[in-house]
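> Got a predicted model here, sequence first, then my questions.
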Amino acid sequence: MSHRQTRMERADEGNFPYWVALIEEKCIGANFHVYQEFCRIHGLSLSKYGPAVVWQYEWYQVFRFGRTEDADRFMKECGGERMHPSEKGKGKNWAQWRKDTHKP
């Protein structure tokens with residue numbers, strides 16, 4: 001099954017360049033809403049869109065932020081690790097996380 005980004009997701013991606021990948025098990029069910037509520041309460045710039053990516057057979061949910069300090073606050077409170085938008089797969093490998101391939 002393939003996933004094509006919608007126009008809204010592509011437009012939104014540029015406004016939220018700071019990504020945090022959190023392991024999928026922590027985001028299942030009510031926990032996902034807990035993270036969204038945390039961001040809402042603390043006024044974090046969380047995007048309503050976020051891809052899921054896989055790295056070494058483990059799935060991660062990606063939370064996208066508009067400000068770097070928001071991404072850092074989320075990581076400090078909820079865990080996860082930074083992911084650069086360029087590390088997301090392309091084409092038929094759209095769900096692959098090409099971890100540590102971004103060089104600033």
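Noted; the coordinates are in hand. Residues are numbered from 1 along each chain as shown.
> low-scoring stretches of this protein, by residue?
For the chain, applying pLDDT under 70 flags the ranges 1-14.
> Next up, identify which helix or strand the residue positioned nearest the centre of the chain is on.
With distances taken as Cα atoms, centre = their mean, Val62 lies nearest the centre of the chain, 1.8 Å away. Using DSSP states H and E, Val62 sits within strand 58-65.
> so how far is that strand from its chain's centroid?
3 Å (Cα atoms, centre = their mean, to the nearest Å).
> How about residues contacting it?
Residues outside strand 58-65 that contact it (Cβ atoms under 8 Å, 6 or more residues apart in numbering): 12-13, 16-24, 27, 32, 35, 39, 44-47, 49-54, 71, 74, 80, 83, 88, 97. Every C-beta, even on glycine, is put in place using the N, C-alpha and C of the backbone.
> Distance of the nearest residue to Gly66 once chain neighbours are set aside relative to Pro17?
Distance criterion Cβ to Cβ, 6 or more residues apart in numbering; nearest residue to Gly66, sequence neighbours excluded, is Ser45 at 3.5 Å. Going from Ser45 to Pro17 by Cβ to Cβ, to the nearest Å gives 11 Å.
> which residues do the two both contact?
Both Ser45 and Pro17 are in contact with Gly66, where contact means Cβ under 8 Å, 6+ apart.
> Pull out the buried positions in stretch 56-67.
Buried residues in stretch 56-67, counted by 16 or more other Cβ atoms under 10 Å: 60-65.
> okay, that stretch in CSV with CA atoms only?
In CSV, the C-alpha atoms belonging to stretch 56-67 read as follows (Å, rounded to 0.1, in the frame of the first residue of the first chain):
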residue,chain,number,x,y,z
GLN,A,56,15.4,-1.2,11.8
TYR,A,57,11.9,-2.8,11.8
GLU,A,58,10.5,-0.4,14.4
TRP,A,59,7.8,2.1,13.6
TYR,A,60,8.0,5.7,14.8
GLN,A,61,5.4,8.5,14.9
VAL,A,62,6.8,11.9,13.8
PHE,A,63,5.7,15.0,15.6
ARG,A,64,6.4,18.2,13.6
PHE,A,65,7.0,21.6,15.3
GLY,A,66,7.3,25.1,14.0
ARG,A,67,9.9,26.2,16.6
